[in-house]
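> Following is a predicted model, sequence given first.
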Amino acid sequence: MKSLLIIDLMNATRRVAWVTGAGSGVGRACAEALAERGWTVALSGRRAPELAETAALVRAAGGTPLELPFDVTVDDARDRVEAISAATGGDGLDAVVLSAGANTPRRSWADQSTAEFARIVQTNLLGVVRSADAALPGLRSASGVLVVVSSIAGWRPSPGAGVAYSASKAALAPVVRTINDQEAEAGVRATLLCPGDIDSDFLRQRPVVPGAAARSAMLAPGDVARSAMFAIDAPRHVRIDELVISPLSQRSS
């Protein structure tokens, strides 16, 4: 693996964040938003070329990127956290944004497969749990903020989102609540972020990919990133437990 040390990583005053799903969409937008504040941003995702593109955007925005290819379903999250610590010269994580997600065009009981169901749960639920568990020591050390990107489908019934996706996203609520209940004394704050329809590459996983007119009415990844930064930028005595953001045109089903 090429050196993780890019520039100025040993600056102890620089805040450090870890973003999963950073190769595109909301993860990439969150990485750029953190970079605009001068953060060191560890970028994780399955696709190395896309991570390199995000790293270039982070540099252009004034941040310092670390490229850490990571498949949340199989790779060891603790290895990634240890690599961040080694590269930055510290054990703290000021913010973590868990944005990796998966879905499938086959979303009904009539056409889904249990193998595909398991893959989605591995990414959307177990991937979050593994990553959060690995990040918590660093978050405790820095009194940091954890943002878990769920979905409006995990906040209210959304049949069109699919059985596996809805179930895995809904299960993130107790994950975040238990972190807040148990880690408040360490100064850790967790936010469940539930966005509605987003114009991103994730739309390719729909049974029918929306056209330009429908996409123009959706949230942009940057809209969701600003909501994540609202939670991250809050004073340390303020915790944003849950945040739902949707486009004006979003319907309830």
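Sure, I can see it.

> Surely residue 154 touches residue 174?
No: counting by C-beta atoms under 8 Å, residue 154 sits too far from residue 174 to count as a contact (10.9 Å). Every C-beta, even on glycine, is put in place using the N, C-alpha and C of the backbone.

> Those two - which one has more neighbours?
For residue 154 versus residue 174, neighbours defined as other C-beta atoms under 10 Å are more numerous around residue 154 (22 against 11).

> residues in contact with the nearest residue to the more buried one once chain neighbours are set aside?
Spatially, and ignoring its direct neighbours in sequence, residue 154 is nearest to residue 169 (3.0 Å; C-beta to C-beta, 6 or more residues apart in numbering). Residues in contact with residue 169, defined by C-beta atoms under 8 Å, 6 or more residues apart in numbering, are 124, 150, 151, 153, 154, 161.

> Quick check: the third one touching residue 194?
Yes: the criterion here is C-beta under 8 Å, and residue 151 meets it with residue 194 at 6.0 Å.

> Any chance of a markdown table for the contacts of residue 169, columns distance to residue 198?
Shown next, in a markdown table, are the contacts of residue 169 (distance: C-beta to C-beta, whole Å):
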| residue | distance to residue 198 |
| --- | --- |
| 124 | 15 |
| 150 | 12 |
| 151 | 9 |
| 153 | 12 |
| 154 | 14 |
| 161 | 12 |
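
> Could you pull up phi and psi at the residue nearest the centre of the chain?
Note on the chain: the residue nearest the mean C-alpha position is residue 99, at 1.9 Å, using C-alpha atoms, centre = their mean. In terms of degrees, to the nearest 10, the main-chain angles of residue 99 are phi -120, psi 0.

> likewise residue 199?
Dihedral angles for residue 199 - degrees, to the nearest 10 - are phi -80, psi 90.

> what's the answer for the one 5 residues further on, then?
Listed backbone geometry of residue 204 is phi -60, psi -20, with angles given as degrees, to the nearest 10.

> That one: neighbouring residues, count only.
Other residues close to residue 204 by other C-beta under 10 Å number 9.

> check which helix or strand covers residue 183.
helix 172-183 (DSSP states H and E).

> Let me know the average pLDDT across the next helix or strand after that helix.
Once the chain leaves helix 172-183, the next helix or strand it forms, by DSSP H and E, is strand 189-195. Strand 189-195 shows a mean pLDDT of 98.

> Strand 189-195 pairs with which strands, parallel or anti?
strand 145-149 (parallel), strand 242-245 (parallel) (DSSP bridges).

> most tightly surrounded among the ones you listed?
Of all the strands paired with strand 189-195, strand 145-149 has the most neighbours on average by mean count of other C-beta atoms under 10 Å, namely a mean of 28.

> got the angle for that one vs helix 172-183?
Here strand 145-149 runs at an angle of 170 degrees relative to helix 172-183 (axes from the mean of the first three to the mean of the last three C-alpha atoms, to 10 degrees).

> Contacts for strand 145-149 next, please.
Residues contacting strand 145-149 (C-beta under 8 Å, 6+ apart): 21, 26-27, 30, 94-99, 101, 128, 132, 135, 139, 172, 175-176, 179, 188-193, 195, 224, 228, 231-232, 234.

> That'll do, ta.
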